[in-house]
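**Student:** give the three-dimensional model of this entry:
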Amino acid sequence: MNTLEPSSPVPPVIDAGLDVSRIRAITLDLDDTLWPIWPTITRAEDALQAWLSEHAPATAALSAAPGTLRELRNQMNTTRPDLAHDMSGLRRESIRLLLQRAGDDPALAEPAFEVFFAERHRVELFDDALPALEWLSSRYPVVAVSNGNADVHRVGIGAHFRASLNAHGFGAAKPDTSIFHAAAQAAGVAASQVLHVGDDAHLDGVGALNAGMQLAWVNREGHAWEHAPLAPHITVSELLALCRALG
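**Tutor:** Residues are numbered from 1 along each chain as shown. Just a heads-up that it's a prediction; the model follows:
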């Protein structure tokens with residue numbers, strides 16, 4: 001007999017309502033908004049492991065257990081607070097530490113990281129991402145705002161962006177309102193004239209709303225909104241639905 005309670009349905013998000021007439025620019029998150037990040041990171045870690053197997057076998061053996069590279073990278077958040085906003089620095093130094101532990105040359109961290117970083121930029125865009133980006137950038141200045149280390153030009157979509165801000169280069173990370181205000185400035189408009197588009201309810205959602213922007217929450221997985229009384233102005237499951245709403 002099944003005694004498990006049925007799972008509760010995710011409550012619907014009560015949107016605040018989008019005021020299209022106010023929008024003069026778009027700010028846009030990257031990871032998990034334009035492409036899924038974890039398959040990308042997994043491929044990059046696999047490429048790194050293959051490189052280590054050839055150039056630093058002792059390190060490759062040490063990192064062979066699944067999740068080792070990522071666990072060490074996460075540990076760097078605690079041991080190197082000076083790199084808090086530098087995703088590339090955290091990854092590079094975690095590789096260096098692994099090389100040291102294995103007795104390999106720590107200088108190999110530089111070429112090893114470049115292997116990882118090259119693969120990190122071989123993203124697979126969501127099917128809706130490129131047509132939506134083309135549509136948005138033909139109508140508004142678009143500014144990328146990311147806590148990660150993706151380079152829109154290296155990904156191959158840089159032509160669609162007026163500017164690109166990341167936490168490391170700017171010195172503050174979402175949800176800090178200062179990076180949103182800087183993005184509005186880069187677009188040449190006031191924050192109240194910006195529609196921010198992103199998937200993370202806290203980093204993108206709370207940050208943009210507190211910065212005075214309108215928010216389009218890209219909720220591909222049907223998550224619950226947990227930040228009431230704040231609310232997105234529109235919730236979409238894919239980016240072309242946003243284009244239609246703006247249309």
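**Student:** name the nearest residue to residue 198, sequence neighbours excluded.
**Tutor:** Of all residues not flanking residue 198 in the chain, residue 204 sits nearest, at 2.8 Å (C-beta to C-beta, 6 or more residues apart in numbering). The way it works is simple: take the backbone N, C-alpha and C, and place the C-beta from them, glycine included.
**Student:** the one you found and residue 213 touch, don't they?
**Tutor:** No: using C-beta atoms under 8 Å, residue 204 is not in contact with residue 213; the gap is 10.0 Å.
**Student:** can you pull the residues that touch both of those two?
**Tutor:** Shared contacts of residue 204 and residue 213 (C-beta atoms under 8 Å, 6 or more residues apart in numbering): residue 196.
**Student:** so which residue is dead centre in this structure?
**Tutor:** residue 31 (3.0 Å; C-alpha atoms, centre = their mean).
**Student:** which strand residues bridge it?
**Tutor:** Residues in a beta bridge with residue 31, per DSSP bridges, are residue 35.
**Student:** gap between it and residue 206?
**Tutor:** 17 Å (C-beta to C-beta, to the nearest Å).
**Student:** need the contact list for the residue nearest to the centre of the chain.
**Tutor:** By C-beta under 8 Å, 6+ apart, the contact list for residue 31 reads 37, 146, 148, 150.
**Student:** near the second one, how many other residues are there?
**Tutor:** In other words, residue 146. The local packing of residue 146 (other C-beta atoms under 10 Å) involves 28 other residues.
**Student:** okay, and the beta partners of it?
**Tutor:** Those that pair with residue 146 in a beta bridge, by DSSP bridges, are residue 166.
**Student:** isn't it right next to residue 166, touching?
**Tutor:** Yes: counting by C-beta under 8 Å, residue 146 touches residue 166, with 4.9 Å between them.
**Student:** could you say what helices and strands the host helix or strand of residue 113 packs with?
**Tutor:** According to DSSP states H and E, residue 113 maps onto helix 109-120. Under the contact definition 3 or more C-beta pairs under 8 Å, 6 or more residues apart in numbering; DSSP states H and E, helix 109-120 sits against helix 37-55, helix 87-102.
**Student:** ranking the ones you listed by burial, who's on top?
**Tutor:** Highest mean neighbour count among these (mean count of other C-beta atoms under 10 Å): helix 87-102, with a mean of 20.
**Student:** of the contacts of residue 31, closest to residue 176?
**Tutor:** Among the contacts of residue 31, residue 146 lies closest to residue 176 (C-beta to C-beta), at 13.1 Å.
**Student:** got a list of what that closest one touches?
**Tutor:** Residue 146 neighbours (C-beta under 8 Å, 6+ apart): 29, 30, 31, 164, 165, 166, 167.
**Student:** most surrounded residue in these?
**Tutor:** Counting by other C-beta under 10 Å, top hit in these: residue 30 with 26 neighbours.
**Student:** what angle separates the lowest-mean-pLDDT helix or strand in the chain from helix 87-102?
**Tutor:** Ranking every helix and strand in the chain by mean pLDDT, DSSP states H and E puts helix 68-79 at the bottom, with a mean of 83. On the basis of axes from the mean of the first three to the mean of the last three C-alpha atoms, to 10 degrees, helix 68-79 is oriented at 110 degrees to helix 87-102.
**Student:** and helix 68-79, what does it pack onto?
**Tutor:** helix 37-55, helix 87-102.
**Student:** and of the contacts of residue 31, the nearest to residue 23?
**Tutor:** Taking C-beta to C-beta as the measure, residue 146 is the one of the contacts of residue 31 closest to residue 23, at 20.5 Å.
**Student:** quick revisit: could you export the contacts of residue 31 as JSON lines, including pLDDT?
**Tutor:** What follows is those, written out as JSON lines (pLDDT from 0 to 100):
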{"residue": "37", "pLDDT": "97"}
{"residue": "146", "pLDDT": "98"}
{"residue": "148", "pLDDT": "95"}
{"residue": "150", "pLDDT": "96"}
